[in-house]
Structure formats: structure tokens, C-alpha cells
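A.B. asks: Okay, predicted coordinates and the sequence, questions at the end:
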Amino acid sequence: MVKQKEQNKTGLKKFIIMVSLILIVVQVVLANSLVARGREIRQLTKEQEQLREEISTFENEVAQASSLTTIRRRARELGMEPGKIEFLPPPPLAVAP
């Protein structure tokens, strides 16, 4: 009986050690995964900021290119001139007799 209790204690100790080792390994794996995700998030945040800067630059370029001053200058460079508009006089109104 004493021998059986000793074997039970030894078995319990082995079980506790195995569970502890498994939990340590799981913790290391999860910590490593967390670090990798953190790096990935930092990299994606950096890329996002760069893309926002590019978008801002493109929006400024579009705004400049679509301004009337730029369009007029470019039209002159292409040899275009403002059209001449002739207004027709309104037709005479009928006068009651």
C-alpha cells in the first residue's frame, strides 16, 4: 500500500511536470506569435501612412491640374484660343395696335 502511494505520488509528479512543460512551450509559441503579429502590424501601419502620403500628393496634383489657371496655360501651349462669342439682338417685340 505504501508502495502504491509512492507510485501514485511519482506519477502525479510526472504528470505535473509534463503539464508544466507543455504550458511553457505553449506560452513560448504564443509569445512568439504575438511578437510576429506586432511586427506585422507595425509594418502595415507604416505602409498605410506612406500610402496616405501618396494619396495626398496625388490629390494635390489633381487639384493643381484641374485649376483654371493651369488649364488656360496648357490650352495656350497647345495653340488654343478663347472662342469669340457674338450675341444676337433679341427679336423685336410685337406692339399692340
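C.D. replies: Arrived safely.

A.B. asks: CA only for contacts and neighbour counts going forward, please
C.D. replies: Will do.

A.B. asks: Spell out, range by range, the helices that occur in this structure.
C.D. replies: 2-65, 68-77 (DSSP state H).

A.B. asks: can you put these in a markdown table and add distance to A94, mean neighbour count and mean pLDDT?
C.D. replies: Listed next are the helices of the chain as a markdown table, based on distance: least, Cα to Cα, whole Å; neighbours: other Cα atoms under 10 Å; pLDDT from 0 to 100:
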| stretch | distance to A94 | mean neighbour count | mean pLDDT |
| --- | --- | --- | --- |
| helix 2-65 | 50 | 12 | 93 |
| helix 68-77 | 43 | 12 | 91 |
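
A.B. asks: Can you lay out these as CSV showing distance to P90?
C.D. replies: Formatted as CSV, these follow (distance: least, Cα to Cα, whole Å):
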stretch, distance to P90
helix 2-65, 39
helix 68-77, 32
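
A.B. asks: These: which one's closest to F87?
C.D. replies: helix 68-77 (23.3 Å; Cα to Cα).

A.B. asks: Format the CA atom coordinates belonging to the closest one as CSV.
C.D. replies: Coordinates of each C-alpha in helix 68-77 appear next as CSV, following Å, rounded to 0.1, in the frame of the first residue of the first chain:
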residue,chain,number,x,y,z
LEU,A,68,-8.5,77.1,-64.4
THR,A,69,-5.1,78.8,-64.5
THR,A,70,-3.4,75.5,-65.3
ILE,A,71,-6.0,74.6,-67.9
ARG,A,72,-5.7,78.0,-69.6
ARG,A,73,-1.9,77.8,-69.7
ARG,A,74,-2.0,74.3,-71.1
ALA,A,75,-4.6,75.3,-73.7
ARG,A,76,-2.3,78.2,-74.8
GLU,A,77,0.6,75.8,-75.1
